[in-house]
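Engineer: Predicted model, plus sequence, below.
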Amino acid sequence: MSCNLISGMFQRLDKLRKNAFSSVILFGTISGIWVFRGQELAFPLSPDWQVDYESYTWRKMDADSEECKTLVTEYFMWEGEFKHVGKAFNQGKIFK
């Protein structure tokens, strides 16, 4: 059911495809990394994109930090320890 939540969000955000890329993973909780054009979240730019984004916690990462490099590697390869979550990888989806 949780994986269906991710698919549903991606389906409703279809018009955002030219402005964003993400890897979202289900660990029992939903967690992901989004890459947007520009420096700010793209969701507030269009009412059509504001479907589920308020349900999640968003934070901007420093691209030069080791934490960012580790998270990007783990999320895009779907491999690693995922220490920040503390749970094993279950399944993932890519928004492209």
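Structural biologist: Received, thanks. Please read all numbers here as calculations on a predicted model, not as lab measurements.

Engineer: Can you show me the helices along this structure?
Structural biologist: 2-12, 66-77 (DSSP state H).

Engineer: got the contact list for residue 34?
Structural biologist: By C-beta atoms under 8 Å, 6 or more residues apart in numbering, the contact list for residue 34 reads 20, 21, 22, 95. Every residue, glycine included, has its C-beta placed from N, CA and C.

Engineer: Pretty sure the third one sits against residue 30.
Structural biologist: No: contact status for residue 22 versus residue 30: not in contact, 11.3 Å apart, counting by C-beta atoms under 8 Å.

Engineer: and these two? which has more neighbours close in?
Structural biologist: Taking residue 22 and residue 30 together and counting by other C-beta atoms under 10 Å, residue 22 has the greater number of neighbours (20 against 16).

Engineer: Wait, residue 41 touches residue 58, no?
Structural biologist: Yes: the criterion here is C-beta under 8 Å, and residue 41 meets it with residue 58 at 6.0 Å.

Engineer: okay, those two: which has more neighbours?
Structural biologist: residue 41 (14 against 9).

Engineer: which residues touch that one?
Structural biologist: 53, 58.
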